[in-house]
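Enquirer: Provide a 3D model corresponding to the input given below.
(4 chains)
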There are 2 protein chains.
Amino acid sequence: MDRASVLASLLRRLDTVSKLDPADIAAIRSLPIAVRHWEGARAIVSDGERPSECCLIIEGFCIRSKTTEAGQRQILSIHIPGEIPDLQSLHLRRMDHDLATLVPSTLGFISHASLLDLTHVRPNVADALWRDTLIDSAIFREWIVNVGQRPAPARLVHIALELRERLLAIRGGTAPATFEFPLTQEQIGEALGITPVHANRIIRQLREDGIVDVSRGQVHVLDETRLAELAQFDDRYLHQDPAV
Amino acid sequence: MDRASVLASLLRRLDTVSKLDPADIAAIRSLPIAVRHWEGARAIVSDGERPSECCLIIEGFCIRSKTTEAGQRQILSIHIPGEIPDLQSLHLRRMDHDLATLVPSTLGFISHASLLDLTHVRPNVADALWRDTLIDSAIFREWIVNVGQRPAPARLVHIALELRERLLAIRGGTAPATFEFPLTQEQIGEALGITPVHANRIIRQLREDGIVDVSRGQVHVLDETRLAELAQFDDRYLHQDPAV
DNA sequence: GCCGGTTCCAAACAAAGGTTAAGGATAGGA
DNA sequence: TCCTATCCTTAACCTTTGTTTGGAACCGGC
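Expert: Here you go, the predicted structure:
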């Protein structure tokens, strides 16, 4: 995925509901972006830092996480191309969590200065970016429900289906039976609030039950019907549809 | 707490970092607000609805929650006077969760139209409100960590200390040993992702251990030192200090 | 082709939390 | 005053998840 098509997917997302006019789109397109490559499993910005730029994912996967004083890490969200996972740093100067790559990635950095400038000159763009951070927030809410209320197997498949849905939104097409899910079992545990040993247990169980196979960084859906029944996934909280 | 002082506490919060000028403040003060009284434990806006106004809490306590298909409720956040718990509805048309009062409350309703208008005319105000929703988001992140990583007793005291800290920010003074915490044990369970029976168990244990007494809608701190040790509460994620 | 690290897998046992069930306290209304 | 509803409390038992541990498989670098 190159820079042009990533900007396209960013623009597509921003354009839902908020009606950007051609000048808004041109202004976003002409934002200065510094493209850099990043190794896998490397920090982009860390808890406590004060970044001066935001990071657009052009290619790859990133995660946000927080580590407790006791040293336990909780993964907060998974991010895909076309997203700006640290947009909040535009108005929250000091990072309260970590952002890191999951796999080797191509990132585009946009300075806070140019983004702030743009939002002040073009209220439509400000609304669209604001809305994007609000969807981020809606995903956090569902993540709380997931970790707080669902049993571990349902937690795993819910997160997997959310990721598939979001990949679909930027790539188009129909829901694939196999898709990328580049987390180790340890990271899956950190996302679900369980130990890696237990993550292994439920992954094995889901495979044996013929529902889904999570392995080697991929998800293979084995039984779409039972998967849907288990996950109880309803995509309304992603606010993808501009009509509603 | 009357309307003027609530607007004052709202303004104080919005004014951190974002530098509102006198005209911005005057514009916020002259927003049309419809004040209404609400019973306790009543819905304000519900999942799926499309509200046309936002709700400023003038007096009382509110909570946001989501209910799964299986009928389990997860409380997502607790809100206090001076906050606008459904500000996100300004750009996310359809509610993806419920907002309800916890106790009898006085609410001030502000139309989306007048708020949108204000943000378009005054970029400073837009930034301040945007920032407010980003802090909301930061609190969700910490809530995920709480539910995902901490054992149940630490979860409870962490939430209690967060609430005390936020009450302090609007009321001023020093941290009180006793403060309001108007949740039943069932609601505490819904907030922490545990059953009411287990909530009762840990509350009793914390009381027996002489750490904290949670009862009759109040928190009484018995041992500030051991409480802090258990909660591992660090208020940085609340982004209250304009200097950092 | 070997080596050291990571990841995955698995079993036995321990602890935390869920379930069910039932009695007791409290407060407002008839 | 009694009645009723809600909340709190407790106990016994069961299920899920954590802990500890060890081994197998895989992979990149030498």
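Enquirer: quick one, domains of chain A?
Expert: A:3-145, A:151-238 (automatic domain parsing).
Enquirer: remind me, longest helix of chain A?
Expert: As assigned by DSSP state H, the longest helix anywhere in chain A is helix A:123-149.
Enquirer: buried set for the helix or strand just after it?
Expert: Moving toward the C-terminus from helix A:123-149, the next helix or strand (DSSP states H and E) is helix A:152-171. Buried residues in helix A:152-171, counted by 16 or more other CB atoms under 10 Å in any protein chain shown: A:152-164, A:166-170. (Glycine included, C-beta is placed from N, CA and C.)
Enquirer: what do you get for stretch A:73-89?
Expert: Neighbour counts using 16+ other CB under 10 Å place A:73-89 of stretch A:73-89 among the buried residues.
Enquirer: and stretch A:208-227, by the same measure?
Expert: Within stretch A:208-227, the residues that count as buried by 16+ other CB under 10 Å are A:211-214, A:219, A:221, A:226-227.
Enquirer: to what extent is the nearest residue to A:D15 once chain neighbours are set aside buried, counted in neighbours?
Expert: Nearest residue to A:D15 in three dimensions, chain neighbours excluded: A:A128, at 7.2 Å (CB to CB, 6 or more residues apart in numbering or on different chains). Neighbourhood size, A:A128 [other CB atoms under 10 Å in any protein chain shown]: 24.
Enquirer: residues in contact with A:A128?
Expert: A:14-15, A:18, A:20, A:24 (CB atoms under 8 Å, 6 or more residues apart in numbering or on different chains).
Enquirer: other SSEs contacting the lowest-mean-pLDDT helix or strand in chain A?
Expert: Using mean pLDDT, DSSP states H and E, the weakest-scoring helix or strand in chain A turns out to be helix A:3-15, at a mean of 78. Identification of packing neighbours for helix A:3-15 by 3 or more CB pairs under 8 Å, 6 or more residues apart in numbering or on different chains; DSSP states H and E yields helix A:22-29, strand A:53-59, helix A:123-149, helix A:152-171.
Enquirer: among those, which is nearest B:D235?
Expert: helix A:123-149 (18.9 Å; CB to CB).
Enquirer: what is the neighbour count of the closest residue to A:G60 other than its chain neighbours?
Expert: Distance criterion CB to CB, 6+ apart; nearest residue to A:G60, sequence neighbours excluded, is A:S105 at 2.5 Å. A:S105 has 23 neighbours, counted by other CB under 10 Å.
Enquirer: what of A:D136?
Expert: Residues within reach of A:D136, counting by other CB under 10 Å, total 23.
Enquirer: ignoring the adjacent residues along the chain, who's closest to A:A23?
Expert: Closest to A:A23 by CB to CB, 6+ apart is A:R122, at 7.5 Å.
Enquirer: pretty sure that neighbour is in contact with A:I25, am I right?
Expert: No: judged on CB atoms under 8 Å, A:R122 makes no contact with A:I25 at a distance of 10.1 Å.
Enquirer: and chain A, which of its residues are near DNA strand C?
Expert: Counting by CB under 7 Å from any atom of the strand, chain A comes close to DNA strand C at A:184-186, A:196-197, A:200, A:203-204, A:215-217.
Enquirer: of those residues, buried ones?
Expert: Applying 16+ other CB under 10 Å to the residues of chain A next to DNA strand C flags A:185, A:203 as buried.
Enquirer: show me the residues of chain A next to DNA strand C that map onto strands.
Expert: A:S215 (DSSP state E).
Enquirer: so which of the residues of chain A next to DNA strand C comes closest to A:H37?
Expert: Nearest to A:H37 among the residues of chain A next to DNA strand C, with distances taken as CB to CB, is A:G217, at 19.5 Å.
Enquirer: A:A231 versus the closest residue to that closest one other than its chain neighbours, what's the distance?
Expert: Once flanking residues are discounted, A:G217 sits nearest to A:P182: 4.4 Å by CB to CB, 6+ apart. A:P182 is 20 Å from A:A231, where distance means CB to CB, to the nearest Å.
Enquirer: got it, and A:R122?
Expert: Counting by CB to CB - A:R122 and A:A231 are separated by 39 Å.
Enquirer: please say which of the two ends up with more neighbours.
Expert: More neighbours surround A:A231 than the other of A:R122 and A:A231, with 23 against 18 (other CB under 10 Å).
Enquirer: and the more buried one, how far is that from DNA strand C?
Expert: 18 Å (CB to the nearest atom of the strand, to the nearest Å).
Enquirer: with A:H239 instead?
Expert: A:H239 is 29 Å from DNA strand C, by CB to the nearest atom of the strand.
Enquirer: one more: A:C55?
Expert: The value you get for A:C55 to DNA strand C, if CB to the nearest atom of the strand is used, is 22 Å.
Enquirer: pLDDT weak spots in chain A?
Expert: Counting by pLDDT under 70, the ranges of chain A that qualify are A:1-3, A:17-18, A:242-244.
Enquirer: just give me the residue closest to the centre of it.
Expert: Centrality entry for chain A: nearest residue to the mean C-alpha point is A:H79, 2.4 Å, by CA atoms, centre = their mean.
Enquirer: I'd like the distance between it and DNA strand C.
Expert: In terms of CB to the nearest atom of the strand, A:H79 sits 19 Å off from DNA strand C.
Enquirer: and if you look at A:A177?
Expert: Distance, A:A177 to DNA strand C, by CB to the nearest atom of the strand: 19 Å.
Enquirer: grab the nearest non-local neighbour of that residue.
Expert: Nearest to A:A177 is A:V221, by CB to CB, 6+ apart, at 4.6 Å.
Enquirer: run through the bridge partners of the one you found.
Expert: Here A:V221 sits in beta bridges with A:V212, going by DSSP bridges.
Enquirer: now do the contacts for it.
Expert: A:177-178, A:212, A:227.
Enquirer: interface residues of chain A facing DNA strand D?
Expert: Within chain A, the residues that sit near DNA strand D (CB under 7 Å from any atom of the strand) are A:151-153, A:189, A:193-195, A:197-198, A:201-202.
Enquirer: circling back to that earlier point, now the residues of chain A next to DNA strand C as a markdown table including distance to A:A41?
Expert: Listed next are the residues of chain A next to DNA strand C as a markdown table, based on distance: CB to CB, whole Å:
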| residue | distance to A:A41 |
| --- | --- |
| A:T184 | 10 |
| A:Q185 | 15 |
| A:E186 | 11 |
| A:P196 | 16 |
| A:V197 | 21 |
| A:N200 | 20 |
| A:I203 | 20 |
| A:R204 | 25 |
| A:S215 | 19 |
| A:R216 | 16 |
| A:G217 | 13 |
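Enquirer: on that earlier part again, contacts for the least confident helix or strand of chain A?
Expert: Helix A:3-15 is touched from outside by A:1, A:20, A:25, A:28-29, A:33, A:35, A:56-59, A:81-84, A:108, A:125, A:128-129, A:131-132, A:169-170, A:242, with contacts defined as CB under 8 Å, 6+ apart.
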